[in-house]
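Novice: quick one, fold the following:
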Amino acid sequence: MSRLHVPISLRWSDIDAYGHVNNAEMLRLLEEARIRVFWADDAGVEESADAEAPTASPAAVLAGGPGAETHTLIASQQIEYLAPAPFQRRPLDVQLWIGRLGGASLEICYEVRSPGRPEGQEQTVYARAATTLVLVDAASGRPRRLTDEQKAAWQPYVDAPVEFRRR
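Specialist: Numbering: from 1, shown residues only. Got it, this is the predicted structure:
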């Protein structure tokens, strides 16, 4: 499986009175990672090691912004918190993959992990989540099918969906 890795820096305001990332802010971190990976406009451009040469995510095939012909609407979200994520200066490692490609929708899966560690040390998984996005025609407001370009760009990142713990 190939995952997309997005480094997301924490802001001091993301931290709650208990000293860890607030649950609502965790959803914002997922949104930021999702936009950086899937949107082809400036939000889909990631910084490379050379700040002069940004590189687009290989999965960035959605047009974003108010003039876009297609809107992406969230149909559902689920998140499972596994460990408190403390404030840290190094960016979190948000890993994304696609759990399901449908006719007009896709399920984006995530793991929010501690920053990369030296060889041999495991990362802490703070949260697992899944978001179902529906692609909607902006003019009609009706769902629209995934294009061949989108399917081709996203296929390398399809793997088993997140398995949440049972209640």
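
Novice: and the most centrally placed residue in the chain, what is it in contact with?
Specialist: Among the residues of the chain, the one closest to the centroid is R34, at 3.1 Å (Cα atoms, centre = their mean). The contact partners of R34, by Cβ atoms under 8 Å, 6 or more residues apart in numbering, come to 96, 108, 131. Where you see a C-beta, it was placed from the backbone N, CA and C, and this is true even at glycine.

Novice: ok, the second one touching L96?
Specialist: Yes. Counting by Cβ atoms under 8 Å, L96 is a contact partner of I108 at 6.0 Å.

Novice: circling back: dump the contacts of R34 to JSON lines, plus pLDDT.
Specialist: JSON lines is the format used below for these (pLDDT from 0 to 100):
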{"residue": "L96", "pLDDT": "97"}
{"residue": "I108", "pLDDT": "98"}
{"residue": "T131", "pLDDT": "98"}
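
Novice: most neighbours out of these, which is it?
Specialist: I108 (27 neighbours; other Cβ atoms under 10 Å).

Novice: and it, how far is that from V134?
Specialist: Computed as Cβ to Cβ, to the nearest Å, the I108 to V134 distance reads 12 Å.

Novice: over to L10?
Specialist: Distance from L10 to V134, by Cβ to Cβ: 30 Å.

Novice: let's see which of the contacts of R34 end up in strands.
Specialist: Using DSSP state E to define strands, the subset of the contacts of R34 located there is 96, 108, 131.

Novice: closest to P66 out of the residues you listed?
Specialist: Looking at those and their distance to P66, the nearest is T131, at 21.4 Å (Cβ to Cβ).

Novice: so which residues of the chain form strands?
Specialist: Under DSSP E, the chain gives strands at 4-8, 45-46, 55-56, 70-81, 92-101, 105-113, 125-137.
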